[in-house]
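**Student:** Predicted structure and sequence below. I'll ask about it afterward.
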Amino acid sequence: MAQMIKPLAFFLLLSVLLLSVSAFINHHDPRQDPKKEYSECQRKCQRESEPGRRQQQELEDCQRQCKDKYEERQGKGGDSYPITGGESQQDNNPYVFEDKHFETISTQHGRLGMLPKFSDHSPHLRGFINAFRFAFLEANPQTFVLPHHIDAELILVVVQGRGRISLLRPDGRQSVNLRKGDVLRVPAGTTVYLINRDNNEKLVIAKLVQPISTPGEFQPFFGVGAKNPESFLKAFSGEILEAAYQQKSDKILRLLDQQKAEFVVKASEEQIRALSQKDEEGGKSIWPFGGESSRNKINLFKQRPVESNEFGELREVNPSDFRPLEDLDVSVSFANITKGGMSTIFFNSKSIKISVVRNGEGLLQMACPHLAQESQQGQGGSQERQRGRGGSQEGQGDLQEQVKYEKVEARLRQGVVFITPPGHPSTLVASNNQNLEVICFEINTRDNDKTPLAGKNNIFSQMEKVAQELAFNRPSREVEEIVRANNNEWFFKGPNQQQQGRALE
Ligand SMILES: [Cu+2]
């Protein structure tokens, strides 16, 4: 008997140790923040509710307990955190961001939204992606965004609307008209101002931001502004300003105090017209390259599709098409999936993808080994204990982690942002009512392969017959029957109406 207990005790100790080590690595102490604790609790319920593990009733009880605990900590009535059964899955999704995740500065005439550092959202987004941030700018019709620079490299994609951007550099000004689909690089420290030159439509710009001094952190610098934003010139003393501008300092300060509006200012029709000239390029080109690829903008929507059929199309702007993307090693793409269609299941060999839904509704599904490991670690302790009670003698074999994948699923609608890490197979499904339009920034794009797992040229169909037989343990004919049945490439007809309706409800 004692012989049996010893390994068992060692075993329990080891699993407790492993658990605490993994909790330390993930370094989120959920107790610090009731919201986080609530999310954590909900996620745990979800994990433990996999078929066969827990019944629906038990899941609901578990979720209710989380909610009760949360309310208790918040004090009843005072919670602003959205607790609705349907939302909870999305709240806990480490790869998906919705409106509420953005840090937003709203003013009368526009809005600036920024996602927190990815690692702050989830321990699963700790890596290389944190060199970047995602932000968007929204300017109302006929407005002017005050001149500013930031300590970050910027890639802009015009999601919607008609604008004009001016880039100020020591050697001159470049002003470029913007329309939807335009991709533009703004070098770090370039002073820019913008107008929305449309009468009706908002100007919406998605931004990939790469801070250059502190990883993941950057600041705007406004030269003009009174209160919010304040002009950075007001940080200097009167004598310095007088000496620098050779004017009385009160005169300078009076000038700086005139702008009463916040960072987006209403403009008159005449002012907009006066600023809406043809593209003009003063001074040296910002890009020290010759030829076509030195253009300062390119239109994503006008690129010839790299994949296209009746179920969808994919357009791309790569560093080879647009040299200003080269040093950041980023490409930008646009998937337009026909209503009722889906993309193939595929993975990116190297690139990390940040996608934003431009239009439509749909579904994301992705296979993630990390979440599955987390679930296994979360359950390891109780499983061991059960085995212990049952007197199992299986011993060390149980310590082996199983190779498993958890389904990451998210409902997509306009403005939702989601991350697809490299190697993770995923697919997008458009709803039956509307095309699903998605704009993607792909980081680490050099030599990336998009590897299809279904449809024409999928990698299973490229195995030798014998390899197929060995891998699947079935005659090659049977394997081929499945992996070669779908002859479409990249975009397919989606799951049938009924199933999809359920998934998308
Ligand atoms: Cu993962």
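**Tutor:** Cool, got the structure. This structure is a prediction, so every number in the text was calculated from the model and none was measured. Numbering: from 1, shown residues only.
**Student:** from here on, contacts and neighbour counts on C-alpha atoms
**Tutor:** OK.
**Student:** Which pLDDT does the model give residue 282?
**Tutor:** Note for residue 282: predicted pLDDT of 52.
**Student:** starting at the chain centroid, how far to stretch 186-198?
**Tutor:** Distance of stretch 186-198 from its chain centroid, counting by Cα atoms, centre = their mean, to the nearest Å, is 23 Å.
**Student:** what comes into contact with that stretch?
**Tutor:** For stretch 186-198, contacts defined as Cα atoms under 8 Å, 6 or more residues apart in numbering pick out 139-156, 161-169, 202-203, 212, 272-273, 276.
**Student:** ok, 6 Å please
**Tutor:** 141-154, 162-168, 203, 272 (Cα atoms under 6 Å, 6 or more residues apart in numbering).
**Student:** Describe which strands the helix or strand encompassing residue 165 pairs with in its sheet and in which direction.
**Tutor:** Using DSSP states H and E, residue 165 sits in strand 162-169. With DSSP bridges as the test, strand 162-169 is paired with strand 172-179 (antiparallel), strand 191-196 (antiparallel).
**Student:** among these, which is the most enclosed?
**Tutor:** strand 191-196 (a mean of 24; mean count of other Cα atoms under 10 Å).
**Student:** What strands line up against the helix or strand just after that strand, and which way round?
**Tutor:** Where DSSP H and E defines the elements, the next helix or strand beyond strand 191-196 is strand 203-211. Sheet pairing of strand 203-211 (DSSP bridges) gives strand 133-139 (antiparallel), strand 152-160 (antiparallel).
**Student:** Dump these into CSV; add mean neighbour count as well.
**Tutor:** As requested, the strands paired with strand 203-211 are exported to CSV (neighbours: other Cα atoms under 10 Å):
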stretch, mean neighbour count
strand 133-139, 22
strand 152-160, 23
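**Student:** Would you reformat these as a markdown table and include distance to the ion and mean pLDDT?
**Tutor:** Shown next, in a markdown table, are the strands paired with strand 203-211 (distance: least, Cα to the ion, whole Å; pLDDT from 0 to 100):
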| stretch | distance to the ion | mean pLDDT |
| --- | --- | --- |
| strand 133-139 | 20 | 95 |
| strand 152-160 | 26 | 96 |
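**Student:** okay, these in a markdown table with distance to residue 186 next?
**Tutor:** Below are those laid out as a markdown table (distance: least, Cα to Cα, whole Å):
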| stretch | distance to residue 186 |
| --- | --- |
| strand 133-139 | 14 |
| strand 152-160 | 5 |
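**Student:** Of the strands paired with strand 162-169, which is nearest the ion?
**Tutor:** Closest to the ion of the strands paired with strand 162-169 is strand 172-179 (Cα to the ion; 35.8 Å).
**Student:** Return the mean pLDDT over that closest one, rounded to an integer.
**Tutor:** Mean predicted confidence for strand 172-179 is 90.
**Student:** helix or strand right after it?
**Tutor:** The element immediately downstream of strand 172-179 (helix or strand, assigned by DSSP H and E) is strand 182-186.
**Student:** by how many degrees do that following strand and strand 172-179 diverge?
**Tutor:** Interaxial angle of strand 182-186 relative to strand 172-179 (axes from the mean of the first three to the mean of the last three Cα atoms, to 10 degrees): 150 degrees.
**Student:** Sticking with the closest residue to residue 127 other than its chain neighbours, tell me its helix or strand.
**Tutor:** Excluding its sequence neighbours, the residue lying closest to residue 127 (Cα to Cα, 6 or more residues apart in numbering) is residue 119, at 7.7 Å. For residue 119, the host element (DSSP H and E) is helix 118-121.
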